[in-house]
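Chemist: Below is the structure, and that's it, no one-letter string:
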Ligand code: PXG
């Protein structure tokens, strides 16, 4: 609470007195006071102190088309005036949700033509869990209940979402995971690959899926869920051997495959979906974030035709949310997709900005603190280490948090997951803005190294 700006202090007092922030240490936040973000345009944010900040995280992985697009605000206002709300229960529908379903079917992988809408990615994964079990019950295999997920995957913060996720610090609060969800190791070579080569480790990590299926019994396994590239876990790009081996295993056993596309979907990899990038052919895909560029909450589950054909035989699916397919959210999502298409935003990521960002980021490999730079599309990770050769970390120093603070103070939002710095800028970032991002990242790495040495 050190601001000299009375307005900032007033907002921080409101935070102290009334707000409980997500994923925060309430007491620590009270002592420090939150940074107040007031406006945004393009890839930049401004805080209440007047600082301009390059948003290397697109909000929270969501602001694909950048901040400040009036078209989305106009689409919301128009829809609010026409039909601000109506539900989709009881055999009703409205134009925006139907048009959006079609627009999503048009961009989704072939054979994935139906969408169940939710208010968030977590709700999308809750929907997935119930739909998978309902699907197998209809097929006369009600024991196929278990969902296999991965350690350090992120699938949301509802009870099912956090259980599906493999974040132990989330499981510790609230007796999670719920029964029927099990986890296998993640394909995180840099952190866990030991002496194996990345390719060997990728095959080993994929084989854990087969071992788990055999351990539980295929008659008890409903689905495997995974992010094409883990986001919140630290932008974990699997070794090249990983997805091909997983695909072989999935082809061998009769279980559903769910790609959680909440981060990878809508252009992040330079393709519409991470499943396109890795040619994954999932049965279901969870979506959120980039669907509306985060301008308004919306998530969903895209479902393969063969699965829908089974669900069609199952009577009522007793599941849904008040805001499933909300008309204003649907109108915003439609406009967001239109802009992505008309302005060829994903094509530009694919052909120009992703290769440029990846090339520029890898220049940071020469920095003494950097053990690895990796990334795909407009996703990037920088591993901070004490020893490049052995990949050994600084112990007990909180290097990632030190670096994150320097970034904050120097006009760059770059996240820390442990000692892994991660970025996922808006898809509209320009070459000049990428240069700025990389220059600021290098400066903050220098400051971090000095702090460690001092
Ligand atoms: N799946 C994935 C892959 C996600 O990244 C969710 C599901 C849940 O979406 P909702 O809309 O319910 O939040 C997410 C969300 C982080 C962070 O620390 C990431 C998310 C959420 C909160 C924090 O990077 N991703």
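Modeler: Sure, I can see it. Remember, it's a predicted structure, so these values are computed and weren't measured experimentally. Numbering: from 1, shown residues only.
Chemist: residues contacting the closest residue to the ligand within the stretch 1-150 of the chain?
Modeler: In the stretch 1-150 of the chain, the residue that lies nearest the ligand is residue 121 (2.4 Å; C-beta to the nearest ligand atom). Bear in mind the C-beta positions are built from the backbone N, C-alpha and C, glycine included. By C-beta atoms under 8 Å, 6 or more residues apart in numbering, the contact set of residue 121 is 155, 156, 161, 260, 262, 286, 287, 288, 289, 299.
Chemist: Distance-wise, check it relative to residue 291.
Modeler: The gap separating residue 121 from residue 291 is 9 Å, by C-beta to C-beta, to the nearest Å.
Chemist: ditto for residue 255
Modeler: Note on residue 255: its distance to residue 291, by C-beta to C-beta, is 26 Å.
Chemist: how about the strands in the stretch 301-450 of the chain?
Modeler: 370-376, 379-384, 412-413, 415-417, 420-423 (DSSP state E, counting those that start in this stretch).
Chemist: Name the SS class of residue 116, please.
Modeler: Put simply, residue 116 is strand when judged by DSSP: H, G, I helix; E, B strand; the rest coil.
Chemist: Show the model's pLDDT score for it.
Modeler: Per-residue confidence (pLDDT) for residue 116: 98.
Chemist: Residues in a beta bridge with it, which ones?
Modeler: residue 301 (DSSP bridges).
Chemist: And residue 302, how close does it get to residue 189?
Modeler: In terms of C-beta to C-beta, residue 302 sits 30 Å off from residue 189.
Chemist: What of residue 2?
Modeler: Taking C-beta to C-beta, one finds residue 2 at 42 Å from residue 189.
Chemist: Name the residue in these two with the higher neighbour count.
Modeler: Taking other C-beta atoms under 10 Å, residue 2 and residue 189 do not tie; residue 189 has more neighbours (25 against 8).
Chemist: what about the protein, any weak spots by pLDDT?
Modeler: Along the chain, the parts satisfying pLDDT under 70 run over 1.
Chemist: how does it divide into domains?
Modeler: If you go by automatic domain parsing, the domain ranges for the chain are 35-65+344-453, 70-342.
Chemist: Report whether stretch 217-227 contacts the ligand.
Modeler: Yes - contact of stretch 217-227 with the ligand (C-beta under 6 Å from any ligand atom) involves residue 227.
Chemist: in that stretch, what's buried?
Modeler: Of all the residues in stretch 217-227, those buried under the rule 16 or more other C-beta atoms under 10 Å are 220, 221, 222, 223, 224, 225, 226, 227.
Chemist: cool, stretch 396-404 as well?
Modeler: Neighbour-count burial for stretch 396-404, counted by 16+ other C-beta under 10 Å, picks out 399, 400, 402, 403, 404.
Chemist: could you redo the residues you listed as TSV and give each row distance to the ligand?
Modeler: Conversion of the buried residues of stretch 396-404 to TSV gives the following (distance: C-beta to the nearest ligand atom, whole Å):
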residue	distance to the ligand
399	18
400	13
402	18
403	16
404	12
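Chemist: out of residue 255 and residue 291, which sits in the more crowded spot?
Modeler: Using other C-beta under 10 Å, the more surrounded residue of residue 255 and residue 291 is residue 291, with 31 against 23.
Chemist: Show me what from the chain comes close to the ligand.
Modeler: Listed as neighbours of the ligand in the chain under the rule C-beta under 6 Å from any ligand atom: 60, 120-122, 125, 154-156, 161, 227, 231-232, 260, 262-263, 286, 288, 299.
Chemist: Mind checking which of the residues you listed land in strands?
Modeler: Judged by DSSP state E, the subset of those located in strands is 260, 286, 299.
Chemist: Residue 128 versus the most centrally placed residue in the chain, what's the distance?
Modeler: Nearest residue to the geometric centre of the chain (C-alpha atoms, centre = their mean): residue 263, 2.8 Å. Counting by C-beta to C-beta, the separation of residue 263 from residue 128 is 16 Å.
Chemist: Residue 184 now?
Modeler: 18 Å.
Chemist: Compare these two (neighbour count), which wins?
Modeler: For the pair residue 184 and residue 128, the greater number of neighbours falls to residue 128 (29 against 23), based on other C-beta under 10 Å.
Chemist: Would you agree the more buried one is in contact with residue 287?
Modeler: No - here residue 128 does not reach residue 287: they are 11.0 Å apart, not a contact under C-beta atoms under 8 Å.
Chemist: Now the common contact residues for these two.
Modeler: With C-beta under 8 Å, 6+ apart as the test, residue 128 and residue 287 both reach residue 301.
Chemist: Now do the same contact list for residue 236.
Modeler: Shown in contact with residue 236 (C-beta under 8 Å, 6+ apart): 152, 186, 187, 188, 229, 230, 381.
Chemist: And residue 55, by the same measure?
Modeler: Contact analysis of residue 55 by C-beta under 8 Å, 6+ apart lists 40, 43, 44, 45, 63, 67, 413, 425, 426.
Chemist: now it, which residues is it bridged with?
Modeler: Beta-bridge pairing for residue 55 (DSSP bridges): residue 413.
Chemist: just to revisit the earlier point, save the strands of the stretch 301-450 of the chain as JSON lines, and put in distance to residue 243 and mean neighbour count too.
Modeler: Putting these into JSON lines (distance: least, C-beta to C-beta, whole Å; neighbours: other C-beta atoms under 10 Å) gives the following:
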{"stretch": "strand 370-376", "distance to residue 243": "12", "mean neighbour count": "21"}
{"stretch": "strand 379-384", "distance to residue 243": "16", "mean neighbour count": "26"}
{"stretch": "strand 412-413", "distance to residue 243": "30", "mean neighbour count": "22"}
{"stretch": "strand 415-417", "distance to residue 243": "22", "mean neighbour count": "20"}
{"stretch": "strand 420-423", "distance to residue 243": "21", "mean neighbour count": "26"}
